[in-house]
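Visitor: Task: produce atomic coordinates for the following.
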Amino acid sequence: MSVFLGGFSIALTANLLISESKTRLSNIILKLATTSSGGFLTTVFAMTNILMATTEGYPSVVTQSGLNTPRIIGFLGYLVGVFSLLTIIGLSGWTKSKGTGIFTTVVSVITLILFFISAIS
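Guide: Next comes the predicted model:
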């Protein structure tokens, strides 16, 4: 899932980079898209590290404590990516109109609430 979301964030970043818009809000959204891309890519690399280390035939011995660092880094990268992406969703409508901004903000907040509910259940 992080690969898909990372690809989406990278595509969004590329589109924003070639965009002619120079507003403050557009620059904030570009920075958030870049942060989201970095977070999801970090997660992909960390989880790939765990996958390789736990596969039979891995050349060195791996303990559970040896997996803690990539696990924590992957989790934090995922959270950074998700929160950045949800913030992009919330801010994106404000580039068009007040009504669209309110709508995208509400969708973003509802998504965040559902994310928390699914994470704790």
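Visitor: which residue is nearest the centroid of this structure?
Guide: residue 81 (1.8 Å; C-alpha atoms, centre = their mean).
Visitor: Next up, the contacts around it.
Guide: Residue 81 sits next to 2, 5, 6, 9, 35, 36, 37, 38, 39, 40, 43 when contact means C-beta atoms under 8 Å, 6 or more residues apart in numbering. Heads up, the C-betas are built off the backbone N, CA and C, glycines and all.
Visitor: Can you classify the closest residue to the first one other than its chain neighbours as helix, strand or coil?
Guide: The one in question is residue 2. Leaving aside its sequence neighbours, residue 2 sits nearest to residue 43 (C-beta to C-beta, 6 or more residues apart in numbering; 4.2 Å). Put simply, residue 43 is helix when judged by DSSP: H, G, I helix; E, B strand; the rest coil.
Visitor: ok, back up a step: looking at the contacts of residue 81, which one is closest to residue 71?
Guide: Residue 71 lies nearest to residue 43 out of these, by C-beta to C-beta, at 10.6 Å.
Visitor: residues near the closest one, how many?
Guide: 26 (other C-beta atoms under 10 Å).
Visitor: residues contacting it?
Guide: Here residue 43 is in contact with 2, 6, 74, 75, 77, 78, 81 (C-beta under 8 Å, 6+ apart).
Visitor: Which of those fall within helices?
Guide: 2, 6, 74, 75, 77, 78, 81 (DSSP state H).
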